[in-house]
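K.L.:
Fold the following.
(one chain, ligands or ions: 1)
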Amino acid sequence: MHLIIMGAPGSGKGTYAKVLKDIFAVPHISTGEMFRKAIKEGSELGKLAQSLIDKGNFVPDDITNKLVKQRLAEEDCKNGFLLDGYPRNLDQAKAFTEILKELNIELDAVINLNVDEDEIVKRIVNRRLCSNCGQGYNILTIPPKVEGICDLCNSPLYTRADDNEETVKTRLAVYNDQTKPLVEYYEALNKILQINSNQEIDLAINDIVKAVEDKCSR
Ligand code: ZN
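P.N.:
Modelled structure (predicted):
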């Protein structure tokens, strides 16, 4: 199964990806994971990406595209992948189409998570993270057993500095601006699966699995 998952900040993308990778038995590849892996393995591209990140710069598209190509050629991707956070703009999407051709891979589907803006704001402002192990919580939907304390390691929880209403709205505007052309691009290729992500996690997961299976049996 060769899949991309797309969704605004707070759409539940990361949470879904962790479940879906087991259901579809494919690696979950986020750009963060990809950069870290390349750097750990000491690849030249990895080192270049790290030096840019260290200087506070973005990693340019051509380096990201090359890293994706390297990563997807690895052994654990032979039965597929679930890409998360890539492509993030139209240029990357076009480059990715070429990469797939070169690797002789057919993309099965692009999962697009749709969430109402006020739902996203509600989710993000209620998000808490463990200061020690990084486990995520939501004080409304996934609260810790003891308020302000991580279930897993008993360390204090904190709120990320940019998890506030004002910043969320700016991040959403940037996301919408970059993503709309991507949705149109993949719609034209007949790859988009529109998923309602306003509902509970389990229900949305069911919808995704069903939509992917329908798409692949056609
Ligand atoms: Zn913890």
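K.L.:
What parts of this protein come near the ion?
P.N.:
By Cβ under 5 Å from the ion, the residues of the chain that approach the ion are 130, 132-133, 135, 150, 152-153, 155. C-beta here means a position set from N, CA and C on the backbone, and glycine is covered the same way.
K.L.:
Could you check the pLDDT of Lys193?
P.N.:
Check again: residue 193 is Leu, not Lys. Leu193 is assigned a pLDDT of 97 by the prediction.
K.L.:
quick one, what contacts the spatially closest residue to it that is not a sequence neighbour?
P.N.:
Counting by Cβ to Cβ, 6 or more residues apart in numbering, Leu193 lies nearest to Ala211, which is 4.3 Å off, once chain neighbours are set aside. Contacts for Ala211 (Cβ atoms under 8 Å, 6 or more residues apart in numbering) come out as 109, 111, 193, 195.
K.L.:
Roughly how far does the closest residue to Asp91 other than its chain neighbours sit from the ion?
P.N.:
Excluding the flanking residues, the one nearest Asp91 by Cβ to Cβ, 6+ apart is Asp61, at 5.5 Å. Note on Asp61: its distance to the ion, by Cβ to the ion, to the nearest Å, is 35 Å.
K.L.:
which non-adjacent residue is nearest the spatially most central residue of the chain?
P.N.:
Residue closest to the mean C-alpha point of the chain, counted by Cα atoms, centre = their mean, is Asp84 at 3.0 Å. Of all residues not flanking Asp84 in the chain, Ser30 sits nearest, at 4.4 Å (Cβ to Cβ, 6+ apart).
K.L.:
Thanks again, I'm all set now.
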